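**Q** Need coordinates for the below:
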Amino acid sequence: MASQQPTPENYVEWTIVQALRTLQAEPGNAKMKQIAAELLRVTNIALDRKFEGVLHALLTDPDMDPSAIERAGWTLIAADGRLPAQDDYDMAGPEWLEHDSFAQALLREAVVTIVQVEERLRPIRHWLLMSGESARYPRATQAFIDQAALNGGAWEIRDEERSGLKGAGPIEAAYLPPRPAVPADPNRLSWVSPVTRDVAAQYEGWPYPAWRRAMAGRGESLRETIAALGPDAPRDMAEDAALLIAGCGTGHEPVLWARRFPKLRITAIDLSAASLAYARARAAEAGITNIAFQQRDLHDAAGQFDIVLSSGVLHHLADPEAGWAAIAGVLKPGGVMRLNLYSRHARAALQPVLAEIADLTGQPMSDDLLRQVRMRLRDNNIINRSPDFFTLGGVHDLLLHAHEDSFDVPRIRAAIDRLGLELLRFELPTADHRQRYAEAHPGDPNFRDAAAWEAIERDDPMAFAAMHDFWCLKPA
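**A** Sure, this is the predicted structure:
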């Protein structure tokens with residue numbers, strides 16, 4: 001545990017502990033809640049059990065994203081010796097889970113994203129099903145049902161379990177959660193390209209990403225946030241600006257922006273009806289009223305917007321640059337655009353992983369196929385560190401997507417120039433990358449040197465595994 005005074009080596013851990021101690025004394029301290037959650041998300045730390053209460057409160061706080069707390073919570077439980085052994089297929093596990101409210105909350109609120117924890121929990125679910133005693137453990141059973149609803153039924157189903165599911169009652173949903181209703185109209189989306197139709201069909205069957213709640217804002221000013229993008233950024237962005245999110249998926253991004261900037265007027269478009277239903281439900285749960293969700297192709301985006309965002313979308317189009325041009329067309333002169341695009345180098349680095357599942361990729365897509373992929377790659381430390389690995393929709397999106405056309409830095413620069421945009425800022429993925437860039441380019445605090453981006457990827461092909469992330473300006 002952290003010492004009384006921080007050192008460079010333990011500063012993050014020390015800060016987390018101080019934030020949690022503050023929250024023990026001041027549970028309503030919004031600033032400390034944000035600090036603790038944001039640091040817990042990016043730090044693997046084994047906390048003392050005395051902090052379990054405050055972690056539990058953060059996990060269920062309507063203003064917190066529970067996925068930020070999940071790993072720290074399971075790590076605490078594991079370090080405390082409460083997880084049953086992996087091969088314990090007896091009633092000890094259900095007895096523990098039925099009476100451990102923190103573990104129940106972790107299952108209910110956030111997708112389990114630690115392979116070893118998943119493997120320790122599956123025998124408990126197995127016993128509840130195969131013993132026929134699940135009704136005696138209603139809290140444990142409901143926790144598994146809620147977890148399956150979040151992860152889409154991602155956990156392995158053994159043959160004997162599949163047989164035991166027939167007539168099993170409520171616990172069946174802990175294995176096979178209800179699937180999204182997929183529209184049966186063969187002429188639906190007939191006006192879009194075949195590639196776009198295939199991509200939309202993927203998200204109808206497997207909405208992505210899975211999420212529970214978005215983090216509340218900090219009372220930020222939109223004007224100041226946009227102005228901080230660089231010296232050329234707009235200085236007078238209205239707090240009630242019009243924002244388009246092109247390809248909103250299950251709605252996490254629009255809800256996050258709505259919570260950060262409640263005066264924004266947000267239009268969120270997507271082709272997937274199932275994803276939009278998910279998004280509307282989550283927005284309603286959060287009490288969000290400033291988002292208009294629309295089922296619309298981004299090529300047909302209508303209106304004029306001060307800000308346009310598109311994350312993880314353009315590289316799934318038949319012609320990404322054409323899609324980029326379409327959403328640039330509805331951006332007002334003087335407006336700003338943020339894009340997140342697959343890195344060609346990072347995706348190429350996944351080829352050895354894809355080779356491990358090459359025999360599966362030609363099969364008809366199904367939940368069972370996605371579970372097979374997960375079991376095949378369970379021990380792959382490149383893939384099993386990604387949150388996407390722990391949901392069926394995430395596995396589909398990450399490894400078996402209907403279509404992708406990734407970008408490298410020259411392609412990004414060429415598109416920016418062709419569309420008459422100006423680069424405002426390129427986001428570097430880690431503090432270490434940012435520090436090294438600042439040392440090498442002290443006069444470029446906004447990371448605009450394209451050759452430097454290329455050098456980063458050349459040295460570390462997985463540097464932008466989370467996508468290229470950058471802001472542009474449409475000159476007035």
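**Q** And stretch 441-451, end to end?
**A** 11 Å (C-alpha to C-alpha, to the nearest Å).
**Q** Ignore what I typed, I meant stretch 222-237.
**A** Stretch 222-237 has an end-to-end distance of 7 Å (criterion: C-alpha to C-alpha).
**Q** and what of stretch 365-383?
**A** In stretch 365-383, first residue to last residue: 20 Å (C-alpha to C-alpha).
**Q** Same check on stretch 168-180?
**A** Start to finish, the residues bounding stretch 168-180 are 22 Å apart (C-alpha to C-alpha).
**Q** do stretch 32-50 as well
**A** For stretch 32-50, the first and last residues are 17 Å from each other (C-alpha to C-alpha).
**Q** If we ignore the residues flanking it in sequence, what's nearest residue 322?
**A** Nearest residue to residue 322 in three dimensions, chain neighbours excluded: residue 299, at 7.2 Å (C-beta to C-beta, 6 or more residues apart in numbering). C-betas here are computed from N, CA, C, even on glycine.
**Q** OK, contacts around that neighbour?
**A** Taking C-beta atoms under 8 Å, 6 or more residues apart in numbering, we find residue 299 in contact with 192, 322, 323, 326.
**Q** Tell me where the stretch 351-476 of the chain has strands.
**A** In the stretch 351-476 of the chain, the strands defined using DSSP state E, counting those that start in this stretch lie at 422-426, 468-473.
**Q** how about the CA coordinates for the longest one, as CSV?
**A** Presented in CSV, the C-alpha positions along strand 468-473 are these (Å, rounded to 0.1, in the frame of the first residue of the first chain):
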residue,chain,number,x,y,z
HIS,A,468,-6.2,7.2,-34.3
ASP,A,469,-8.0,10.1,-32.5
PHE,A,470,-7.9,13.7,-33.8
TRP,A,471,-9.7,17.0,-34.1
CYS,A,472,-10.1,19.1,-37.3
LEU,A,473,-11.5,22.6,-38.0
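**Q** Which residues does it contact?
**A** Contacts for strand 468-473 (C-beta under 8 Å, 6+ apart): 229-230, 232-234, 334-343, 407, 409, 412, 416, 421-427, 429.
**Q** Mind checking which of these are buried?
**A** 229-230, 233-234, 335-343, 407, 409, 412, 416, 421-427, 429 (16 or more other C-beta atoms under 10 Å).
**Q** Now the residue nearest to residue 165 when sequence neighbours are not counted: phi and psi?
**A** Nearest non-adjacent residue to residue 165, counting by C-beta to C-beta, 6+ apart: residue 172, 5.1 Å away. For residue 172, the backbone dihedrals (degrees, to the nearest 10) come out as phi -60, psi -30.
**Q** My guess is residue 172 contacts residue 161. True?
**A** No. Contact criterion C-beta atoms under 8 Å: residue 172 and residue 161 do not qualify, at 10.3 Å.
**Q** Low-confidence regions, the stretch 351-476 of the chain specifically.
**A** Under the criterion pLDDT under 70, no range of the stretch 351-476 of the chain is flagged.
**Q** Which strand in this protein has the most residues?
**A** strand 331-341 (DSSP state E).
**Q** How far away from the center of its chain is that strand?
**A** Centroid displacement of strand 331-341 relative to its chain, using C-alpha atoms, centre = their mean, to the nearest Å, is 22 Å.
**Q** which residues sit against that strand?
**A** Looking at what lies outside strand 331-341 - C-beta under 8 Å, 6+ apart - the contacts are 226, 229, 233-234, 237, 244, 304-312, 314-315, 320, 324, 327-328, 406-407, 412, 421, 424, 467-476.
**Q** What strands flank that strand, and is each parallel or antiparallel?
**A** The pairing partners recorded for strand 331-341 under DSSP bridges are strand 305-311 (parallel), strand 468-473 (antiparallel).
**Q** which stretch among the ones you listed comes nearest residue 349?
**A** Taking C-beta to C-beta, strand 468-473 is the member of the strands paired with strand 331-341 nearest to residue 349, at 14.4 Å.
**Q** List the buried residues for the closest one?
**A** The neighbour-count check on strand 468-473 (16+ other C-beta under 10 Å) flags 468, 469, 470, 471, 472, 473 as buried.
**Q** How is the protein partitioned into domains?
**A** If you go by automatic domain parsing, the domain ranges for the chain are 11-174, 222-342+405-473.
**Q** bridging residues for residue 338?
**A** Here residue 338 sits in beta bridges with residue 309, residue 471, going by DSSP bridges.
**Q** gap between the residue most central in space within the chain and residue 397?
**A** Centroid-nearest residue in the chain, with C-alpha atoms, centre = their mean: residue 209, separated by 5.6 Å. Computed as C-beta to C-beta, to the nearest Å, the residue 209 to residue 397 distance reads 8 Å.
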